[in-house]
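Student: Please find the sequence and the predicted model below.
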Amino acid sequence: MMPHPFSSPPSARAAAVLAWSGSLILSLSPMHAFAQAAPGQPAASGTLSPITVEGAADNALAPVEGYAATSSLSASKTDTPLIETPQSVTVITADQIRDQGAQGLQDALNYAAGVRSDAYGLDSRSDNFNVRGSSPTTYLDGLRTNYQYYTSTTRTEPYTLERIEVLRGPASMLYGQGSTAGVVNMVSKRPQAETSREMGIQYGTHNRRQVQADLTGAIDEEGQWLYRVVALGRKSDTMVDHVPDDRLVFAPSLTWRPSHRTSLTLMALWQDDKSGSTAQFFPYEGTVFDNPNGQLDTRTFIGDPDWDRYDSSRRSIGWAFEHQLNDDWTVRQNTRWSYNHVDYRSLYGDPFSVRGEWGADPVNKRMIGRYAWGSDTTVRMVQADQHVQGKFSTGPLRHDMLIGVEYIYAKHEEATAYEGPETVPLIDAYNPVYPNYTPPEFFGSPAMRQRDMGIYIQDQMRVDNWILVAGLRHDRSENTVDGSPGQTSRATSKRFGLMYAFPVGVSPYVSYSESFTPELGRDANGEPFVPLRGKQWEAGLKYESPDRNTLVNAAVYTLREENRLVGDPNNPLQNIQAGETRSRGFELELKTTVANKLDLIANYNYLDQDDQLEGQPRHQASLWSKYRFALNDMPGFSVGAGVRWVSGFNDGIGPRVPSVTLVDAMLAYDTPQWRLALNANNVFDKTYVATCLERGDCWYGARRSVVASATYKF
């Protein structure tokens, strides 16, 4: 008998998870699913038959026409209407991603409520964004993408996504360790029964040349086997000299549906990126403060063209399995193995020796010192999330219960190289001439291993128009470094929400949720730190029109986080856990379609923090509109425009970053076979600083980008 993976020794768990997962699928697949109807005879009981659904809310995994998705998986791990979800959720559909010309995940979040999409400006190494003042955990198809930051991540290609779901606020009850920001869950394109094929090309600013294809449909006449292939190739420069943005992506998937009760979807991803670092770490003087030589050019590259790079390789394979035991009970499993390798090397500016200034050239302020940093990182992960969902009643109370177990194993291996500004040659940041440079050697470090296991239970209850959601999860998180004692953290996370769904489509609610993040290290007494804990109270109002063309979400919230590390007053070289922060905010989001011609997305966010964290403006607002029209009795034309505004801000120590208003635009022509489009982001080519950090460096936002595209459907 195959052992359960969670009873295995830690060293064997990763392999056991995959083996146990496979046995689970085989044990649950009904044998009658293989039955086929004889020619001219009625279909056997296990044969898939066409199903027609009219007037239902959208499926949380299926394509959505337009911008207004009405259901989500991320807030409950079940396909639940947003109007019945007592927590703030934003869904960005594939149509919105396409219409707004998103070139990365950051761009796709430009018009999402509660999100600071360019928290660190244009950074070609990773997608950086904040939600409600802190960094969220990113997921792909309900499974974590990584534990580490830019030195071990690959940016996600938006063309491979069906939608992006932003669950705002703590979410540890469902997802385990994470911050108070919540979860950004990306949903991959999956095989569809209806045949759809497209190929496209792009050409744009910075010599951007891209080809892409998306093919899906049924393999057999019965529709039991479905396929999808998404592929993309790109050669491009960026707004910074000597920094490319090249990419190759191949994402095949295959669905097997032996009956209307059972489905298994296999998903794989192969992605290679060749890039560098658009972030040059410039000082305050020359970005937001005056410099006698003027403002630093956004194109300026102060690294070494022969050494600098950010090259990554990403591989993954997994499955999503679902089997309905009967009309009320369903078993699901989501499993993925992933591999990510990043070769990162950079010579970047030194605004740190004298914070925000030109420490190496304090008079002329032209020659800048540089750091050399290199990291060769490999991360391997295996994850399995399995749960059972049951629907039943106890008297007048209807239950939708979820009971699950999740396991994650990650191994992080890294070799690093470092050299300080005392040995790296200076460079003229206003007229860079790249001197000969001998880079430092790489040295390996012990491997780090992360093992997380969580058990959770959630009940979505309903009586008449009242909806109550309650959930509890217990996690065990173990972090070890080879050759050193490990550190284990345990946490129990709660969540509940109460909502009243009026028949007119208005649903007021109140909710409470928690988060935890392990804090590595020990205090002066040798005691391990306890996890960082977050708590949120949220009250809101949701509205969905009868035709589902208008969605409104208004929310106020209070966030508290405790057990932050602060300096030990009795031991200057040690830390204690005594810090606490509080954030309060208000968010308003509208998505609507007027007369089937005009689409609108509008957002306003207000954020107030006790300690204003770096890169967090108090006010943000955005508006995007798309209008469809005919020209000379020729339909298919559409024009779009968007405005994004961010108020000025600072973190109380660094300089004030000025407010900025950015304009985006789109023009498109659609026929049944062709789509021709022109997208422009930052239309007026605004040069702006996205953020300045307390430590002394500033980061530029993205300059104007114009992309022309042509797509053929067949």
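Tutor: In hand now; what should we look at? Numbers count the residues shown, from 1 in each chain.
Student: Could you use CA atoms for every contact and neighbour count after this?
Tutor: Fine.
Student: Regarding Arg355, which helix or strand does it belong to?
Tutor: Counting by DSSP states H and E, no helix or strand carries Arg355.
Student: Tally up the residues packed near it, please.
Tutor: 17 (other C-alpha atoms under 10 Å).
Student: now it, nearest residue through space, not along the chain?
Tutor: Distances taken as C-alpha to C-alpha, 6 or more residues apart in numbering put Gly696 closest to Arg355, at 4.5 Å, once the chain neighbours are dropped.
Student: you'd agree that neighbour is up against Gly349?
Tutor: No: Gly696 lies out of contact with Gly349 (C-alpha atoms under 8 Å); the separation is 10.4 Å.
Student: Local confidence estimate at the residue nearest to Arg355?
Tutor: Listed pLDDT for Gly696 reads 92.
Student: do the one 5 residues further on as well
Tutor: Among the per-residue scores, Gly701 shows a pLDDT of 95.
Student: Next: Pro42.
Tutor: We have a pLDDT of 38 for Pro42.
Student: One more: Ala524?
Tutor: At Ala524, pLDDT is 76.
Student: OK, contacts around the residue lying closest to it once chain neighbours are set aside?
Tutor: Closest residue in space to Ala524, ignoring its immediate chain neighbours: Gln574 at 6.1 Å, by C-alpha to C-alpha, 6+ apart. Counting by C-alpha atoms under 8 Å, 6 or more residues apart in numbering, Gln574 makes contact with 523-524, 567-568.
Student: Could you do Gly404 as well?
Tutor: With contact set as C-alpha under 8 Å, 6+ apart, Gly404 has these partners: 385-388, 455-457.
Student: And for Arg197?
Tutor: Counted by C-alpha under 8 Å, 6+ apart, Arg197 has contacts 213-216, 713-714.
Student: So it versus Phe714, what's the distance?
Tutor: The gap separating Arg197 from Phe714 is 5 Å, by C-alpha to C-alpha, to the nearest Å.
Student: close enough to count as contact, Leu402 and Ile457?
Tutor: Yes: assessed by C-alpha under 8 Å, Leu402 is found in contact with Ile457 at 5.6 Å.
Student: Report the buried members of the contacts of Arg197.
Tutor: Among these, the ones that count as buried by 16 or more other C-alpha atoms under 10 Å are 213-216, 713.
Student: quick one: which two of the residues you listed are the most distant?
Tutor: Thr216 and Lys713 (11.5 Å; C-alpha to C-alpha).
Student: shared neighbours, those two?
Tutor: Contacts common to Thr216 and Lys713, judged by C-alpha under 8 Å, 6+ apart, are 196-197.
Student: quick revisit: secondary structure class for the residue nearest to Ala524?
Tutor: Three-state call for Gln574 (DSSP: H, G, I helix; E, B strand; the rest coil): strand.
Student: how near is it to Arg495?
Tutor: 34 Å.
Student: do the same with Asp475
Tutor: Using C-alpha to C-alpha, we find Asp475 at a distance of 14 Å from Arg495.
Student: cool, and Val184?
Tutor: Separation of Val184 from Arg495 (C-alpha to C-alpha) stands at 18 Å.
Student: Over to Ile83?
Tutor: To Arg495, Ile83 is 18 Å away according to C-alpha to C-alpha.
Student: Counting neighbours, what do you get for Phe648?
Tutor: One thing to correct before we go on: residue 648 is Gly, not Phe. 18.
Student: Can you tell me the closest non-neighbouring residue to it?
Tutor: Counting by C-alpha to C-alpha, 6+ apart, Gly648 lies nearest to Ser659, which is 3.9 Å off, once chain neighbours are set aside.
Student: which residues touch that neighbour?
Tutor: Ser659 neighbours (C-alpha under 8 Å, 6+ apart): 645-649.
Student: how close does it sit to Thr691?
Tutor: Counting by C-alpha to C-alpha, the gap from Ser659 to Thr691 is 11 Å.
Student: same question, Gly534
Tutor: Going from Gly534 to Thr691 by C-alpha to C-alpha gives 25 Å.
Student: With Ser134 instead?
Tutor: Going from Ser134 to Thr691 by C-alpha to C-alpha gives 14 Å.
Student: Neighbour count: the two, which is higher?
Tutor: Per other C-alpha under 10 Å, whichever of Ser134 and Thr691 has more neighbours is Thr691, with 29 against 20.
Student: For the more buried one, what is the enclosing helix or strand?
Tutor: strand 689-692.
Student: Identify each buried residue in the following helix or strand past that strand, please.
Tutor: Counting by DSSP H and E, the next helix or strand C-terminal to strand 689-692 is strand 697-700. Residues of strand 697-700 classed as buried by neighbour count (16+ other C-alpha under 10 Å): 697-700.
Student: Who does the helix or strand that strand 697-700 is followed by pair with, and is each partner parallel or antiparallel?
Tutor: Going down the chain from strand 697-700, the next helix or strand is strand 705-713, by DSSP H and E. Strand 705-713 pairs in its sheet with strand 196-204 (antiparallel), strand 674-681 (antiparallel), by DSSP bridges.
Student: which residues are in contact with the last one?
Tutor: Residues from elsewhere that reach strand 674-681 (C-alpha under 8 Å, 6+ apart): 99-101, 663-670, 704-713.
Student: Just the buried subset of those, please.
Tutor: The neighbour count (16+ other C-alpha under 10 Å) marks 99-101, 663-669, 704-713 as buried among those.
Student: which residues touch Val229?
Tutor: Each residue near Val229 by C-alpha under 8 Å, 6+ apart is listed here: 213-216, 250-253.
Student: swap the cut-off to 6 Å and go again
Tutor: Listed by C-alpha atoms under 6 Å, 6 or more residues apart in numbering, the contact partners of Val229 are 214-215, 251-252.
Student: Wasn't it part of a helix?
Tutor: No: with three-state DSSP as the criterion, Val229 is located in strand rather than a helix.
Student: For the closest residue to Asp670 other than its chain neighbours, what are phi and psi?
Tutor: Closest residue to Asp670 apart from its sequence neighbours, by C-alpha to C-alpha, 6+ apart: Gly636 at 4.7 Å. Taking degrees, to the nearest 10, you get phi 110, psi 0 for the backbone angles of Gly636.
Student: how many neighbours does Gly636 have?
Tutor: Gly636: 15 neighbours (other C-alpha under 10 Å).
Student: how deep is Val331 tucked in, by neighbour count?
Tutor: Neighbours of Val331 (other C-alpha under 10 Å): 21.
Student: quick one: contacts for it?
Tutor: Val331 sits in contact with 322-323, 388, where contact means C-alpha under 6 Å, 6+ apart.
Student: Show me the helices in the protein, by range?
Tutor: 10-28, 94-99, 105-108, 172-175 (DSSP state H).
Student: what does the model give the closest residue to Ala60 other than its chain neighbours for pLDDT?
Tutor: Excluding the flanking residues, the one nearest Ala60 by C-alpha to C-alpha, 6+ apart is Ser72, at 5.1 Å. Ser72 is assigned 95 on the pLDDT scale.
Student: Break down the stretch 301-450 of the chain into its strands, ranges please.
Tutor: Listed in chain order, the strands of the stretch 301-450 of the chain (DSSP state E, counting those that start in this stretch) span 309-324, 329-349, 367-368, 370-394, 397-419, 427-428, 443-463.
Student: before we move on, the earlier item: neighbour count winner among Gly696 and Gly349?
Tutor: Gly349 (25 against 22).
Student: Skipping its backbone neighbours, what lies nearest that one in space?
Tutor: Spatial nearest neighbour of Gly349, excluding adjacent residues (C-alpha to C-alpha, 6+ apart): Arg370 at 4.5 Å.
Student: So what sits opposite Thr691 in the bridge?
Tutor: The partner residues for Thr691, given DSSP bridges, come to Trp699.
Student: Low-confidence ranges, this structure, go.
Tutor: Residue ranges of the chain with pLDDT under 70: 1-57, 148-150, 611-615, 651-652.
Student: residues touching the residue nearest to Glu441 when sequence neighbours are not counted, list them.
Tutor: Ranked by C-alpha to C-alpha, 6+ apart and with sequence neighbours excluded, the top spatial neighbour of Glu441 is Ala417, at 5.7 Å. Counting by C-alpha under 6 Å, 6+ apart, Ala417 touches 373-374, 440-442.
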